[in-house]
Structure formats: structure tokens, C-alpha cells
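>>> predicted coordinates and the sequence they were generated for:
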Amino acid sequence: MDIGGSMVQESSPQVAAQYEIFSADGDEPALQAEQDYFVQVGYMHAISDMRDLDYFEEKLEQLELACGKWMDILSTHWEASTVGNQICQDLRSDPSGGEAVETLKACFGTKSPNTLLKRAATLRKYLVWHYNEFNSRGVYVHAFPLVESDVWNFFKWLRVERQQKSRGFTTTSTFLETVRFCKFTVGLQGCDVVLGSGRLLGFAAVELPRLGATDPWSCILVSTRHPLLGYVVNSIYRSSSLGKVWSARIGSRSC
């Protein structure tokens, strides 16, 4: 363990004074105390400062955070969604926001807070792009309801972002999943038009292989070499038409 002068120079004056006291005496107790002191300092810096929360407390905090993010998203245009209209009425009757949060939690049901946060982050990215795109033209329009032509331009912007970044980008398929979520969870207007657009669905289908998506057959081929995994896969898909297609694909590869 290096306890040389470089550590003392980076430490506080109190640590340096303590080091000088330890170094002044060459006996074993002082040296041992010196080592223990620096071990304690390193330990305190290595452990991050985290709140001691159990699983349910952490999920509850994540749910509160997700409700706040979705409240902010829906507030951009209350009338553009069914849940937004309900929350707007709740805020009129209860300005504290407690009733509005209860309505939002009821709409979310048993959905995972992580899923709620992920969908909110994807939709938030569209809102930021929409604002910058139209603000640069000196035009202000609501991002909601969704407009097919706006989403098309957003998809093309996502493709450019994907080419510039190696990670941290939003995929078109992820956005379409978020649109489906918004349709059935918050009743966002314009979702049917986006989900029924042939060019948007085709664009997402073409972009997906370029992201290096895993071959869906690879996991099935692995299961044929691992009896336990193969049993689980066969138990799930043996009664489905998709399972028959997979079995035929495996059989054709093994021939």
C-alpha cells in the first residue's frame, strides 16, 4: 500500500498533519496506526453515499418520479390525451395535485416503474426534438396530438443520431413501442395514425437489423445443445404456431 508523500499532498491539511505525527515516530504502533488511518480514508472514498432503502421503498420512489415525469409530459397539452383531460379536471378540484397523482397511478396500474421511466424518457426526447425543430423556424405548435409527418422527420433525425453515436441513442422501434404504450395507457391522440403508417413501420423494420440485433434463431439453436433450456423453450412454444415454425427451422438446419 502506497502511503507516500503524494497521498499527503492530495489530502487535507488535517490529514497531512496526522501523517507528520505518525511519521515522526518510527515505532511499530505508530506505523500501524498510520496504515489503519489511510485504509479508513480510502474506504470512505470507495463506498458511495447511498440511501438505505428496501425494495418496496425504492419502487415507490421510482413510481413517484415516473408520475412527475408523465405529469410534465401531459401538461404540454392536456387536451391531447384522455388521461390529460382527467388530470386537468383533478387539478381544478384539488390544486395540491394529490387527486391528479392518484388518477395517474390508477391508469398505470401494475406497470413497472422502470418501464414508466423508460417510456417517459423516449417521449421526452421526441418533445425536445419537436420543440427545437419548430422553434428554429420561428413556429410554435403542440407536439401532441402526434402527427405522422412530424414522426417521420423525427425518425430520419434518429437515423442521423444513430450514425453519429455508438450508444445512448433512441431506436425507431422503441419509439413505436412507446406510442403503443401511450395509446392504451394515457389515451394519447394521434397514435392510431402513427401505428398505421406504412412508411413508419417499414422504416423501423429496416433500421432494426442495422442496429446489430441478435439473430432470434441463435438462442433456439443453443437450446438444442442444452437439454434443460431446450425443455423450457419447447414447453412454451410447443402448442403455438410460432413454435412449429421454429421447430421446422431447427430441423432444416440440422439436416
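Cool, the structure landed.
>>> show me where the stretch 101-250 of the chain has its helices.
113-135, 148-164, 172-185, 191-195, 198-210, 216-225, 227-237, 241-254 (DSSP state H, counting those that start in this stretch).
>>> what angle do the helix or strand where C67 lies and helix 172-185 make?
Using DSSP states H and E, the element containing C67 is helix 55-74. If you take axes from the mean of the first three to the mean of the last three Cα atoms, to 10 degrees, helix 55-74 sits at 90 degrees to helix 172-185.
>>> give the buried residues for stretch 123-133.
L123, K125, Y126, W129, H130, E133 (16 or more other Cβ atoms under 10 Å). In this view, the C-beta of every residue, glycine as well, is placed from N, C-alpha and C.
>>> cool, and stretch 103-117?
Going by 16+ other Cβ under 10 Å, stretch 103-117 has these buried residues: T103, L104, C107, F108, P113, L116, L117.
>>> same list, these, but as CSV with distance to V141 and pLDDT please.
Listed next are the buried residues of stretch 103-117 as CSV, based on distance: Cβ to Cβ, whole Å; pLDDT from 0 to 100:
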residue, distance to V141, pLDDT
T103, 27, 96
L104, 25, 95
C107, 26, 95
F108, 28, 96
P113, 31, 95
L116, 27, 97
L117, 27, 96
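>>> just give me the closest of these to F184.
C107 (10.0 Å; Cβ to Cβ).
>>> my read: the closest one touches C182, true?
No. Taking contacts as Cβ atoms under 8 Å, C107 lies outside contact range of C182: 11.2 Å.
>>> how is this structure divided into domains?
5-46, 55-210, 216-254 (automatic domain parsing).
>>> run a quick neighbour tally on C182.
25 (other Cβ atoms under 10 Å).
>>> if I pick it, what's in contact with it?
Listed by Cβ atoms under 8 Å, 6 or more residues apart in numbering, the contact set of C182 reads S81, R119, L123, L188, C191.
>>> just the closest of those residues to G138, please.
Distances from G138 to those, taken by Cβ to Cβ, are shortest for L123, at 24.6 Å.
>>> ok, the closest one to F144 distance?
According to Cβ to Cβ, to the nearest Å, L123 and F144 sit 9 Å apart.
>>> next one: F108
Relative to F144, and taking Cβ to Cβ, F108 is found at 18 Å.
>>> closest one of the contacts of C182 to G97?
S81 (17.3 Å).
>>> give me the pLDDT value at the closest one.
Looking at S81, its pLDDT reads 97.
>>> tell me who's in contact with it.
So S81 contacts L74, F144, C182, V186, G187, L188, Q189 (Cβ under 8 Å, 6+ apart).
>>> kindly recompute the last result at 10 Å.
73-74, 87-88, 144-145, 182-183, 185-191 (Cβ atoms under 10 Å, 6 or more residues apart in numbering).
>>> burial of G97, as a residue count?
Neighbours of G97 using other Cβ under 10 Å come to 15.
>>> distance to V151 added to the buried residues of stretch 123-133, as a markdown table?
Listed next are the buried residues of stretch 123-133 as a markdown table, based on distance: Cβ to Cβ, whole Å:
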| residue | distance to V151 |
| --- | --- |
| L123 | 12 |
| K125 | 12 |
| Y126 | 8 |
| W129 | 10 |
| H130 | 10 |
| E133 | 12 |
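>>> can I get the residues you listed in a markdown table with pLDDT and distance to R92?
A markdown table is the format used below for the buried residues of stretch 123-133 (pLDDT from 0 to 100; distance: Cβ to Cβ, whole Å):
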| residue | pLDDT | distance to R92 |
| --- | --- | --- |
| L123 | 96 | 25 |
| K125 | 95 | 30 |
| Y126 | 96 | 28 |
| W129 | 95 | 31 |
| H130 | 96 | 27 |
| E133 | 94 | 32 |
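>>> farthest pair within those residues?
That would be L123 and E133, which, of the buried residues of stretch 123-133, are the farthest apart (Cβ to Cβ) at 15.4 Å.
>>> surely C67 touches L116?
Yes. Applying Cβ atoms under 10 Å as the test, C67 and L116 come out as touching, 8.0 Å apart.
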